[in-house]
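> please find the sequence and the predicted model below.
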4 protein chains.
Amino acid sequence: MKKVDENSRIKTSMGTLTEDSITVRGNDLVNDLIGKVDTAALLFLEITGRLPNELENTLLNAMIVAIAEHGMMPSVIAARLTLMGAPESFQGAIASGLLGAGDVFVGPTSNVARLLQVEAKEFPGTKTETAKKIVELYETRNQRIPGLGHPHHLIDPRSEKLLAMQSALSAPSAYTELMLEVQRIASKRRGRHLTFNAVAAVGSIASDIGIDWRAVRGIGLVARTIGLIGHVFEEIGNPSAQVIWSLVQENTDYSDPTGDES
Amino acid sequence: MKKVDENSRIKTSMGTLTEDSITVRGNDLVNDLIGKVDTAALLFLEITGRLPNELENTLLNAMIVAIAEHGMMPSVIAARLTLMGAPESFQGAIASGLLGAGDVFVGPTSNVARLLQVEAKEFPGTKTETAKKIVELYETRNQRIPGLGHPHHLIDPRSEKLLAMQSALSAPSAYTELMLEVQRIASKRRGRHLTFNAVAAVGSIASDIGIDWRAVRGIGLVARTIGLIGHVFEEIGNPSAQVIWSLVQENTDYSDPTGDES
Amino acid sequence: MKKVDENSRIKTSMGTLTEDSITVRGNDLVNDLIGKVDTAALLFLEITGRLPNELENTLLNAMIVAIAEHGMMPSVIAARLTLMGAPESFQGAIASGLLGAGDVFVGPTSNVARLLQVEAKEFPGTKTETAKKIVELYETRNQRIPGLGHPHHLIDPRSEKLLAMQSALSAPSAYTELMLEVQRIASKRRGRHLTFNAVAAVGSIASDIGIDWRAVRGIGLVARTIGLIGHVFEEIGNPSAQVIWSLVQENTDYSDPTGDES
Amino acid sequence: MKKVDENSRIKTSMGTLTEDSITVRGNDLVNDLIGKVDTAALLFLEITGRLPNELENTLLNAMIVAIAEHGMMPSVIAARLTLMGAPESFQGAIASGLLGAGDVFVGPTSNVARLLQVEAKEFPGTKTETAKKIVELYETRNQRIPGLGHPHHLIDPRSEKLLAMQSALSAPSAYTELMLEVQRIASKRRGRHLTFNAVAAVGSIASDIGIDWRAVRGIGLVARTIGLIGHVFEEIGNPSAQVIWSLVQENTDYSDPTGDES
């Protein structure tokens, strides 16, 4: 057995247990947290290492609530089908659904935050100057700007609501204002209104309350977990997986891979 | 193509989208929920179909906060090791950790709730009579009663705190009182104090605020998701997976399976 | 830092690396395995600690091939939907699909093997006596016997094929014969033919080639992984997740949970 | 209910079931596949839509065997820890381990294949000309070439073995030769020998037998699944998760996130 090098210690500042206490990021769990902070505050503490102030707490709750439940989404369908095959594992169904919370559906909130927290830092200047450079950067890369556009709506009522709350609370808003400027300039250059959607609102407001862009997708993961728990519990009592499966079977056409069957 | 039978429709009461609105379990998302309810209230709504009152909301937050973060737990280690191999997938690391939230670590809260909501119903009578029958039932089955016992502590400070909150709020407590009676009787018959641990507190109080036993483990899953997000984000900035892997390698002895080759 | 106790070493006989060699369960990977054994033989080695003989190898391949691909199964649909949300994670889509390989779809092969390897051991006697006791045991428990019955077919052509191979190879068949006797007696008592389905064939033949009942579901997991890889790769080139999602949306009826709001 | 558009059918060429038969990618499962093809051939069929010839089959088996088992790897540790928390879910432990088969550990085989199948196509010319352009491309991008280099070894014995088999079988080898040329040129420019590691061998040989670069990581996923099944089954009988957990706890130092505790 090799001697374990003192330099090879595992370091964490998340939490620790002793005989007498549980410490969560510098706070005594029993005396300082339970009954004193809510679920969103705990998430904020986990990510940032400090407890949120009241407006940060309120906005984080609002963002989680805004994106948790949208009915029969792909991740929900996956979780329900997984439960049908493995009813012994509630957590397996939830995990199955969470695995779809990737670059397409949840990741874009982190991409908005990266645009604001990282990419925009390359372009110092006025808000308008920075926003213009950002729009040009995405044009050069031939990439869609995350958070802008919606298949059906010119305004996203969730964004409106979140922005109205941010304003009513007089919360920090520099990142959000920059993102709105990006929206304005991009809309003008594209010659049509690009909706400031919920992804843009979450990515911007999360940035304004101090959440690192790489952790922003954590907001979506908590929201998804909650939505998935609701759906999986409904599936236990009122299953729809069998109907979904039959629907898919009835609407599937098989063809041989060689393509030459007659 | 078969015609889809009207009787084979998928039914849900979780949520729905129209052109103009998002409905979450009977509530208008934008007008009734965002900014008006917090994350725990949304979880309660998802599971029960109604919004919690203030004391239900407070207790649900307290339970989630109580069990979210305990440092380097097995699920956290799994998530960190997963991130090392797949840094492109934040959600994959979270899902990997959640998959350990099964019968041993998170499931027991549901088992406490099942004991109270289902098994105890078979034994009507006074609280003491019912508790005695329950203890006998587990003795007959030669099964440990979930939620009782702790390797180190006679009292679990998290349980004390949660029970004190329940009492201070004058919240419903019939299930909790039954579980405490189960603890007293089981301790007497075993001839030693069995700790009323955090699992017992969560299973009991969740039952008292109306959460179905099959959904009780959802509380632990939300708490775990939050804790895992914190650890995975720390791992991105200050990785420890390599050290963990080396530690395991250094402390592993390999032997041939047959044990006799020369 | 506590001293690591020599008694607390991690023990494994799976494999190990040194500067010069890789050992897999007592075999030198490069000289004894690569190019000399096939994929199924490796699975057999992983589970049993020894390489299979030729008939064991043949039968294990046949079982994997028999259950790998059945078109648009629930796990496949889940994996495709997961890929739509997280195209960056091939492995996440596979994992999502594997999570449905639980007690309902893949677990029953292990249940057949447990019936044969564990439960039947409680009833020594002739094959017929043991089978009769087993059938009675399941009747007493009011439980379906795993592996028997099929919604549409009196014979399962995959079972016929696997049993014919076992016979042609003069492979050990004591467990299979016991399971067939269980089928005969159960059919007689139920007054109708119970199909000896593919689950029964895999559980029985796996037992006959020496695979522990707890590892039998590994056969299904390898088979599923292969099937899922095919479907996920097809999904990358010819996606159907969007159509599936639309189908589900179009066929979903939402109702408020309380059912009474106006 | 909207009418389902005939244009919105789900299309697949993976497999289908009828009353009388099961078809897998154009082959009758019972008559053409079970007992006639092995596990690796089935994987090849799933990915390419055709059955492999003998040398393709042999090489695919060799690659899977080469990368399946390496002892206590990170994914194995994750799977064992997951099983400790959720012993009811064999598949959950496997899925937890598979989730680490991402861009760092398994993905690079696909990256080698992409380099050969996609990137090299941009640079027509002799093998040496193309290889030189590829090396320059990676230098320009300041990116490591996948498959080259090893912390300890100048030659990787698995690569040697796989290349020797390819040669002995007179198998197609154009991609492998190009990759070896890339290795030679990159080594010369870096002034030191860059090992042609197992990742390079798998990515190259898989390309030579016709596997699309996006499906190459499927080889690693099948191999991992098999290795994980072995470890999870060992964990059931001889658990090491508790020792691993203790080791991690004993070697972890907690510090408050604010860094100012005294």
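Happy to help now that I have it.

> report the separation between A:His152 and chain B.
Taking CB to the nearest CB, to the nearest Å as the measure, A:His152 falls 7 Å from chain B. (Each C-beta comes from the backbone N, C-alpha and C, glycine too.)

> for the nearest residue to that residue once chain neighbours are set aside, helix, strand, or coil?
Excluding the flanking residues, the one nearest A:His152 by CB to CB, 6 or more residues apart in numbering or on different chains is B:Glu19, at 6.5 Å. Secondary structure, DSSP: H, G, I helix; E, B strand; the rest coil: B:Glu19 is coil.

> number of nearby residues for B:Glu19?
When neighbours are defined as other CB atoms under 10 Å in any protein chain shown, B:Glu19 has 6 of them.

> does it touch A:Pro151 like I think?
No - contact criterion CB atoms under 8 Å: B:Glu19 and A:Pro151 do not qualify, at 11.0 Å.

> what are the contacting residues of stretch A:227-243?
With CB atoms under 8 Å, 6 or more residues apart in numbering or on different chains as the test, stretch A:227-243 has contacts from A:68-70, A:73, A:75-76, A:79-81, A:83-84, A:87, A:90, A:93-94, A:97-98, B:8-14, B:25, B:43, B:45-47, B:212, B:214-215, B:218, B:221-222, C:74, C:251-252.

> ok, of those, which come out buried?
A:68-70, A:73, A:75-76, A:79-81, A:83-84, A:87, A:90, A:93-94, A:97-98, B:8, B:10, B:12-14, B:25, B:43, B:45-47, B:212, B:214-215, B:218, B:221-222, C:74, C:251-252 (16 or more other CB atoms under 10 Å in any protein chain shown).

> out of those, which are close to chain D?
Filtering the buried ones among the contacts of stretch A:227-243 for neighbours of chain D using CB under 8 Å from any CB of the partner chain leaves C:Asn251.

> next to chain D, which bits of chain A? Give me the list.
Counting by CB under 8 Å from any CB, the positions of chain A adjacent to chain D are A:4, A:8-16, A:23, A:25-26, A:49-50, A:86, A:88-89, A:91-92, A:95, A:99, A:248, A:251-258, A:261.

> which ones among these lie within strands?
In this view, the residues of chain A next to chain D that belong to strands under DSSP state E are A:10-12, A:15-16, A:23, A:252-254.

> report the two of those residues separated the most.
Farthest-apart pair in these is A:Thr23 and A:Asp253; separation 58.9 Å (CB to CB).

> of these two, who's got more company?
Counted by other CB under 10 Å, A:Thr23 and A:Asp253 do not tie: A:Thr23 has more neighbours, with 21 against 12.

> pLDDT wise, what is the nearest residue to the more buried one once chain neighbours are set aside at?
Nearest residue to A:Thr23, sequence neighbours excluded (CB to CB, 6+ apart): A:Thr16, at 5.1 Å. In this model, A:Thr16 is scored at 94, pLDDT.

> for chain A, longest helix please?
helix A:216-237 (DSSP state H).

> how big is the angle separating it from helix B:217-237?
Counting by axes from the mean of the first three to the mean of the last three CA atoms, to 10 degrees, helix A:216-237 lies at 160 degrees to helix B:217-237.

> next, the buried residues of helix A:216-237.
Quick answer for helix A:216-237 (16+ other CB under 10 Å): A:216-236.

> show me the residue at the heart of chain A, geometrically.
Geometric centre of chain A, nearest residue: A:Gly220, 2.6 Å, by CA atoms, centre = their mean.

> ok, the closest residue to A:Leu29 other than its chain neighbours - how many residues close by?
Among residues not flanking A:Leu29 along the chain, A:Ile22 sits closest, at 4.0 Å (CB to CB, 6+ apart). Counted with other CB under 10 Å, residues neighbouring A:Ile22 total 21.

> per-residue confidence for the closest residue to chain D within the stretch 101-250 of chain A?
Going by CB to the nearest CB, chain D is nearest to A:Val248 of the stretch 101-250 of chain A, at 6.4 Å. Per-residue confidence (pLDDT) for A:Val248: 96.

> for it, give its distance to C:Arg80.
Separation of A:Val248 from C:Arg80 (CB to CB, to the nearest Å) stands at 10 Å.

> any shared contact partners between those two?
Residues touching both A:Val248 and C:Arg80 by CB under 8 Å, 6+ apart: C:Ile244.

> so which elements touch the strand or helix carrying A:Ala200?
A:Ala200 is part of helix A:198-208 when elements are defined by DSSP states H and E. Helices and strands touching helix A:198-208, by 3 or more CB pairs under 8 Å, 6 or more residues apart in numbering or on different chains; DSSP states H and E, are helix A:54-67, helix A:107-117, helix A:157-168, helix A:174-190, helix A:216-237.

> need the ones you listed in TSV (columns: mean pLDDT and distance to C:Asn31).
Below are the helices and strands packed on helix A:198-208 laid out as TSV (pLDDT from 0 to 100; distance: least, CB to CB, whole Å):
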stretch	mean pLDDT	distance to C:Asn31
helix A:54-67	98	55
helix A:107-117	96	45
helix A:157-168	97	62
helix A:174-190	97	60
helix A:216-237	98	46
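
> what does the pLDDT read for A:Trp245?
On pLDDT, A:Trp245 comes in at 96.

> could you report the pLDDT at the closest residue to A:Lys133 other than its chain neighbours?
Nearest residue to A:Lys133 in three dimensions, chain neighbours excluded: A:Phe123, at 3.8 Å (CB to CB, 6+ apart). Looking at A:Phe123, its pLDDT is 97.

> kindly report the same for the one 10 residues further on.
pLDDT, the model's per-residue confidence, is 98 for A:Lys133.

> any idea which helix or strand carries it?
For A:Lys133, the enclosing helix or strand under DSSP H and E is helix A:127-140.

> and that helix, how far out from the chain's middle?
Relative to the mean C-alpha coordinate of its chain, helix A:127-140 is positioned 24 Å out (CA atoms, centre = their mean, to the nearest Å).

> show me what that helix is packed against.
Helix A:127-140 is packed against helix A:174-190, with contacts defined by 3+ CB pairs under 8 Å, 6+ apart.

> which residues touch the helix it packs on?
Contacts to helix A:174-190, defined as CB under 8 Å, 6+ apart, come from residues A:112, A:115-117, A:120, A:127-128, A:130-132, A:134-135, A:138-139, A:145, A:147-148, A:163, A:166, A:193-194, A:196, A:200-201, A:203-205, A:207-208.

> any idea how many residues pack against the residue nearest to A:Lys133?
Applying other CB under 10 Å, we find 14 residues neighbouring A:Phe123.

> likewise for A:Gln143?
A:Gln143 has 10 nearby residues by other CB under 10 Å.

> can you pull the pLDDT of it?
Reported pLDDT for A:Gln143: 94.

> how far away is it from chain B?
To chain B, A:Gln143 is 18 Å away according to CB to the nearest CB.

> need the three-state assignment for that residue.
coil.

> that one and chain C, how far apart?
On the measure of CB to the nearest CB, A:Gln143 and chain C end up 15 Å apart.

> got the CA positions of the host helix or strand of A:Val243 in PDB?
Secondary structure from DSSP H and E places A:Val243 in helix A:241-250. This file holds the C-alpha atoms of helix A:241-250, laid out as PDB (Å, rounded to 0.1, in the frame of the first residue of the first chain):
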ATOM      1  CA  ALA A 241     -47.300   4.900 -20.700                       C
ATOM      2  CA  GLN A 242     -49.200   2.000 -22.300                       C
ATOM      3  CA  VAL A 243     -51.300   4.400 -24.400                       C
ATOM      4  CA  ILE A 244     -48.200   6.300 -25.400                       C
ATOM      5  CA  TRP A 245     -46.500   3.100 -26.500                       C
ATOM      6  CA  SER A 246     -49.500   1.900 -28.500                       C
ATOM      7  CA  LEU A 247     -49.700   5.300 -30.200                       C
ATOM      8  CA  VAL A 248     -46.100   5.100 -31.200                       C
ATOM      9  CA  GLN A 249     -46.500   1.600 -32.500                       C
ATOM     10  CA  GLU A 250     -49.600   2.400 -34.500                       C
END
